[in-house]
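Student: next one to model:
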Amino acid sequence: MRLALIAGLIGMTSGCVSEFKANGESRLVLPEDEQIETIHRVDDGDGTSMTAMRSLSTVFRMQRKGSIAFNGINLPLFESAEGTHVATQEGSVAGNLTTAESVRGAERLKVIIHRLGERGGPRQTFESESGILLGRNGNQRGFLVERPNEDGSRSIGLASWTDGTVDWLLDDGRVNAFGWIDTAGRIAYSTRSPDDSSFVVGIREADGTRWTIEEDLPYSWMFPILDPDGQTLFSVRLGDGYADMVHGTITNNRAFRETMKAQRMSNRASARRVSQMVSTSTSGVYGDEYCIPWYSYELERMVVWDVGELTVELLAENSVAAFPLKAKHNWLVTTPDGLDRTALFVSKRSQDRLLDFPWLARARDGDQVVIIEPLDQRIEIAILEFGSRE
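Tutor: All right, here's what the predicted structure looks like:
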């Protein structure tokens, strides 16, 4: 597998998505003739073309929402699975933002907001001031952004989906990075002083109070992810050349230590490599079925860790992204050849090819999923809506 492919799927670091370039429009892959039940075009009322498909295992509709420009590096954030607003990064820098170090050229970075669903295609509604980095996720109120400061510190803010107004929630002279916000406004993030090299996990409660997960050993904690209700936490624990994925309850420090479970991700890890391994883990976690995917360089594919069962499931060879569709059993898996629906953690695995180009799932609400296809400096946006067999 070409490592440039996974390097292009990064939300906070540099890379290239040119491996996803297609020569023409993506198209639905039809199953063999004996499997086809219904394929037809429908009109949703405003002239938007949709495609409906039913195979023996999957029924879905695909509606294109148009395309937007992006910097060829950072994948966009979506307000919801309906794709009402989308935030993208404009500009790039020569340097490594993975460790949240100050880099030259950060002043060239801006965040752009587009509104989808407009006649004539997506419409730009906001452009930020310079020096703003697109964050890792958002909630119904807004999306996270970061700002490298001249004194070497870094701030985390919540930007409004509608007008881009930023509320700087973590602006205390420390290096605060890799934030993740839940639906109620609780934020998990990595934090350190400008003079340190290792991060600890910080928690900012919705009411503004803060605390950190204490660490006495020489680990650096990076890229935390909260469950939707903010009660448990995944985070990468980076040691001397190795990395673990850690999960625990975050009621307080004691609860985290008592419930903590760890799974080795790699014995050959660095901060930059780990950022690539978790770059498509914006799927979050699923209720009481705690699962998280990451890319394994050793296995050259995506894997899924089921914390409850303490098992690791291997996804398709050369897979580069995975997104939960329905609970932990159904996943949308991206390979260089296409987008598949895969059933995991069951006695008999099934796999169904949906699209024949490597579309990536980015947001989900019920049976509706936003997918994107990066094409050089533009991103195609579409919505998949899954239905039941009639």
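Student: poorly predicted segments of the stretch 251-390 of the chain, please.
Tutor: 281-288, 347-349, 388-390 (pLDDT under 70).
Student: for it, what spans make up the helices?
Tutor: Using DSSP state H, counting those that start in this stretch, the helices of the stretch 251-390 of the chain run over residues 253-259, 271-277.
Student: surely residue 107 is in contact with residue 131?
Tutor: Yes: counting by Cβ atoms under 8 Å, residue 107 does reach residue 131; the two are 4.9 Å apart. C-beta here means a position set from N, CA and C on the backbone, and glycine is covered the same way.
Student: neighbours of the closest residue to residue 89 other than its chain neighbours, just the number please.
Tutor: Ranked by Cβ to Cβ, 6 or more residues apart in numbering and with sequence neighbours excluded, the top spatial neighbour of residue 89 is residue 74, at 3.8 Å. Number of residues near residue 74 (other Cβ atoms under 10 Å) recorded here: 27.
Student: and residue 74, bridged to which residues?
Tutor: Counting by DSSP bridges, residue 74 forms beta bridges with residue 10.
Student: doesn't residue 134 make contact with it?
Tutor: Yes: with contact defined as Cβ under 8 Å, residue 74 reaches residue 134; the gap is 5.4 Å.
Student: give the residues shared as contacts by residue 107 and residue 131.
Tutor: Common neighbours of residue 107 and residue 131, counting by Cβ atoms under 8 Å, 6 or more residues apart in numbering, are absent.
Student: more neighbours, these two?
Tutor: When residue 107 and residue 131 are compared for neighbours, residue 131 comes out ahead with 17 against 13, by other Cβ under 10 Å.
Student: ok, now which ones touch that one?
Tutor: Residue 131 makes contact with 106, 107, 109, 147, 148 under the criterion Cβ under 8 Å, 6+ apart.
Student: give me the distance between it and residue 245.
Tutor: Here residue 131 is placed at a distance of 32 Å from residue 245 (Cβ to Cβ, to the nearest Å).
Student: in contact with residue 156, which residues?
Tutor: Residues in contact with residue 156 (Cβ under 8 Å, 6+ apart) are 135, 144-146, 168-171, 176-177, 179, 187, 189.
Student: actually residue 133, sorry about that
Tutor: Residues in contact with residue 133 (Cβ under 8 Å, 6+ apart) are 12, 89, 97, 106, 109, 111, 145, 146, 147, 148.
Student: which one of the residues you listed is nearest residue 371?
Tutor: Ranked by distance to residue 371 (Cβ to Cβ), the contacts of residue 133 are led by residue 89 at 19.0 Å.
Student: that closest one belongs to a strand?
Tutor: Yes: with DSSP: H, G, I helix; E, B strand; the rest coil as the criterion, residue 89 is part of a strand.
Student: tell me what it is bridged to.
Tutor: Note on residue 89: beta-bridge partners by DSSP bridges are residue 111.
Student: so what pLDDT did it get?
Tutor: Note on residue 89: pLDDT of 93.
Student: kindly report the same for residue 40.
Tutor: pLDDT recorded at residue 40 is 33.
Student: list the buried residues for stretch 254-272?
Tutor: For stretch 254-272, burial by neighbour count (16 or more other Cβ atoms under 10 Å) applies to 256, 263, 265, 266, 269, 271, 272.
Student: now that stretch, how far from the centre of its chain.
Tutor: Here stretch 254-272 is found 19 Å from its chain centre; the criterion is Cα atoms, centre = their mean, to the nearest Å.
Student: who are the contact partners of residue 259?
Tutor: Residue 259 neighbours (Cβ under 8 Å, 6+ apart): 232, 248, 249.
Student: oh, that last question was meant for residue 155, not what I typed.
Tutor: Residue 155 neighbours (Cβ under 8 Å, 6+ apart): 146, 147, 149, 168, 170, 171, 176.
Student: now it: how far from residue 220?
Tutor: Counting by Cβ to Cβ, the gap from residue 155 to residue 220 is 20 Å.
Student: same deal with residue 201?
Tutor: Residue 201 is 10 Å from residue 220, by Cβ to Cβ.
Student: common neighbours of the two, please.
Tutor: Here residue 201 and residue 220 have residue 190 as joint contacts, going by Cβ under 8 Å, 6+ apart.
Student: who has more neighbours out of the two?
Tutor: The neighbour count for residue 201 versus residue 220, taken as other Cβ under 10 Å, is higher for residue 201 (25 against 20).
Student: so residue 119: helix, strand or coil?
Tutor: Under the three-state scheme (three-state DSSP), residue 119 adopts coil.
Student: about what we covered before: buried among the contacts of residue 155? Need that as a selection in PyMOL.
Tutor: The PyMOL selection below is limited to those of these classed as buried (16+ other Cβ under 10 Å):
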select buried, resi 146+147+170+176
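Student: can I get the contacts of residue 155 in a markdown table with distance to residue 335?
Tutor: Converted to a markdown table, those look like this (distance: Cβ to Cβ, whole Å):
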| residue | distance to residue 335 |
| --- | --- |
| 146 | 31 |
| 147 | 36 |
| 149 | 40 |
| 168 | 40 |
| 170 | 37 |
| 171 | 41 |
| 176 | 35 |
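Student: what's the most distant pair in the contacts of residue 155?
Tutor: Using Cβ to Cβ, the pair of the contacts of residue 155 lying farthest apart is 149 and 170, separated by 11.6 Å.
Student: can you give me the strands for the stretch 1-150 of the chain?
Tutor: Taking DSSP state E, counting those that start in this stretch as the test, the strands found in the stretch 1-150 of the chain are 38-43, 49-54, 59-69, 77-78, 85-90, 110-115, 123-127, 133-138, 142-148.
Student: figure out which of these is closest to residue 241.
Tutor: Of the strands of the stretch 1-150 of the chain, the one closest to residue 241 (Cβ to Cβ) turns out to be strand 133-138, at 24.7 Å.
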